[in-house]
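> show me the folded form of this:
(2 chains)
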Amino acid sequence: DAGITQSPRHKVTETGTPVTLRCHQTENHRYMYWYRQDPGHGLRLIHYSYGVKDTDKGEVSDGYSVSRSKTEDFLLTLESATSSQTSVYFCAISDRAGSGDSYNEQFFGPGTRLTVL
Amino acid sequence: KQEVTQIPAALSVPEGENLVLNCSFTDSAIYNLQWFRQDPGKGLTSLLLIQSSQREQTSGRLNASLDKSSGRSTLYIAASQPGDSATYLCAPVDDYKLSFGAGTTVTVRA
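This next block holds a predicted model:
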């Protein structure tokens, strides 16, 4: 299994509070991603990083920010949590190699279940 | 925007039967396609990655085909076992980004 950990694994918080989720990898992969998984919506990309301090938005980035100060860590912050952000959050990593057809797999972490009351 | 459809949504078979899971996608300009397995309450486990230059990829009892021009991929699982019970997700890769289908939930009855 790829060395990806997420913390915390479960969190319950109240509306309006800030929340930070952490993804840590030991694979030295360049690319890191944050997804959320919701019934009826599947997995959707929130933000991704293509290197230290290099990040970009995914399809559902509103209300979320990210930071990557080290290769191994990718943080997802909910500045002011809302009930609509109750979800399971997954981190993924990949080490895109070459160009064109050459591309390595994405590997996923175990997930963080976040409940916003 | 890439739209991914997986059919059927659910499947229940007796042990030993072969499984056929279908995935279709709307934008054929993809680099690769990845198949995952997800057990209830767990993360995603990568099963197979098919590069766009390939038409098939095999791993043990699993075989996946890719027809990029028609926007289809099929995952075959031979001689199913109860341990194969899970949700299977396909994800075409558009540059850096994976787009996911809703998945096919498989139950293999002993």
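> near chain A at all, the lowest-mean-pLDDT helix or strand in chain B?
Of the helices and strands making up chain B, the lowest-confidence element is strand B:97-98, at a mean of 84, by mean pLDDT, DSSP states H and E. Yes: using C-beta under 8 Å from any C-beta of the partner chain, strand B:97-98 reaches chain A at B:97, B:98. Glycine gets a C-beta too; all of them are placed from N, C-alpha and C.
> roughly how far out does that strand sit from the chain middle?
Centroid separation between strand B:97-98 and its chain, computed with C-alpha atoms, centre = their mean, to the nearest Å, is 15 Å.
> now do stretch B:15-33
Relative to its chain's centre, stretch B:15-33 lies at 5 Å (C-alpha atoms, centre = their mean).
> start and end of that stretch, how far apart?
End-to-end distance of stretch B:15-33: 28 Å, with C-alpha to C-alpha, to the nearest Å as the criterion.
> any idea which element residue B:76 lies in?
Assigned by DSSP states H and E, residue B:76 belongs to strand B:72-77.
> all strands for chain B, in order.
Assigned by DSSP state E, the strands in chain B fall at B:4-7, B:10-14, B:19-25, B:32-38, B:44-51, B:56-59, B:62-67, B:72-77, B:86-94, B:97-98, B:104-109.
> err, chain A, not the other one
Using DSSP E, the strands assigned to chain A run over residues A:4-7, A:10-13, A:19-25, A:31-38, A:42-51, A:54-57, A:64-70, A:73-78, A:87-94, A:107-108, A:112-116.
> quick check: which of the ones you listed is nearest to residue B:12?
Closest approach to residue B:12 among these (C-beta to C-beta): strand A:42-51, 21.4 Å.
> each with direction, which strands does that closest one pair with?
As defined by DSSP bridges, the strand partners of strand A:42-51 come to strand A:31-38 (antiparallel), strand A:54-57 (antiparallel).
> get me the contact residues on chain B for chain A.
Within chain B, the positions lying close to chain A (C-beta under 8 Å from any C-beta) are B:1, B:31-32, B:34, B:36, B:42-46, B:49, B:51-53, B:89, B:91, B:93, B:96-98, B:100-103.
> what about burial for these, which qualify?
By neighbour count, with 16 or more other C-beta atoms under 10 Å in any protein chain shown, the residues of chain B next to chain A hold B:31-32, B:34, B:36, B:43-44, B:46, B:49, B:51-52, B:89, B:91, B:93, B:96-98, B:100-103 as buried.
> number of residues surrounding residue B:47?
Applying other C-beta atoms under 10 Å in any protein chain shown, we find 21 residues neighbouring residue B:47.
> confidence score at the nearest residue to residue B:63 once chain neighbours are set aside?
In space, and not counting its chain neighbours, residue B:63 is closest to residue B:76: 4.5 Å by C-beta to C-beta, 6 or more residues apart in numbering or on different chains. The predicted structure scores residue B:76 at 97 on the pLDDT scale.
> could you give the bridge partners of the residue nearest the centre of chain A?
Nearest to the geometric centre of chain A sits residue A:34, at 2.1 Å (C-alpha atoms, centre = their mean). Per DSSP bridges, the residues bridged to residue A:34 are residue A:47, residue A:91.
> for stretch A:110-117, which positions count as buried?
Neighbour-count burial for stretch A:110-117 [16+ other C-beta under 10 Å]: A:110, A:111, A:112, A:114, A:116.
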